[in-house]
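[1] no FASTA, just this:
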C-alpha cells in the first residue's frame, strides 16, 4: 500500500507548517492568555483555506479528503491549542 501524500497536499502541509512557525507561534502564548486570536491571523487562515478544508471546491473550499484534512490537522496540532 502506498502512503505517499499527493503533491498538492504536501505543498499545503508545508505552507501550513510555515504559517504555524512564522505567524502563530510568535503570538501563541498571547492567544492563550487573552483567549483572543488576532484578526490578521484569522484572515490569513481564511486566505489559506483553513476554514474550508473539506468543503467542496465549487462552494469555495479546498475539497480535501479525510486523509488530506488529517495531514493539515497534524501540522496545526504542532502549535498551542488556543489557536485551534
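    Looks like it came in fine. Computed from a predicted model, the values in this text were never measured in an experiment. Numbers count the residues shown, from 1 in each chain.

[2] how about the helices in the protein?
    Along the chain, the stretches classed as helices by DSSP state H are 7-19, 28-34, 39-48, 66-76.

[3] Buried ones in the lowest-mean-pLDDT helix or strand in the chain, by neighbour count?
    In the chain, no helix or strand scores lower on mean pLDDT, DSSP states H and E than helix 28-34, which sits at a mean of 88. Using 16 or more other C-beta atoms under 10 Å as the test for burial, helix 28-34 gives 28, 31. In this view, the C-beta of every residue, glycine as well, is placed from N, C-alpha and C.

[4] So which elements touch that helix?
    Contacting helix 28-34 under the criterion 3 or more C-beta pairs under 8 Å, 6 or more residues apart in numbering; DSSP states H and E is no other helix or strand.

[5] So, low pLDDT: which residues of this protein?
    81-84 (pLDDT under 70).

[6] Quick check: the nearest residue to residue 61 once chain neighbours are set aside vs residue 18, distance?
    Setting aside the residues directly before and after it, residue 61 is nearest to residue 55 in space (C-beta to C-beta, 6 or more residues apart in numbering), at 2.5 Å. Separation of residue 55 from residue 18 (C-beta to C-beta, to the nearest Å): 23 Å.

[7] okay, the two: which has more neighbours?
    Per other C-beta atoms under 10 Å, whichever of residue 55 and residue 18 has more neighbours is residue 55, with 14 against 11.

[8] just checking, that one touches residue 69?
    No - look at residue 55 against residue 69 with C-beta atoms under 8 Å: they stay out of range, at 10.8 Å.
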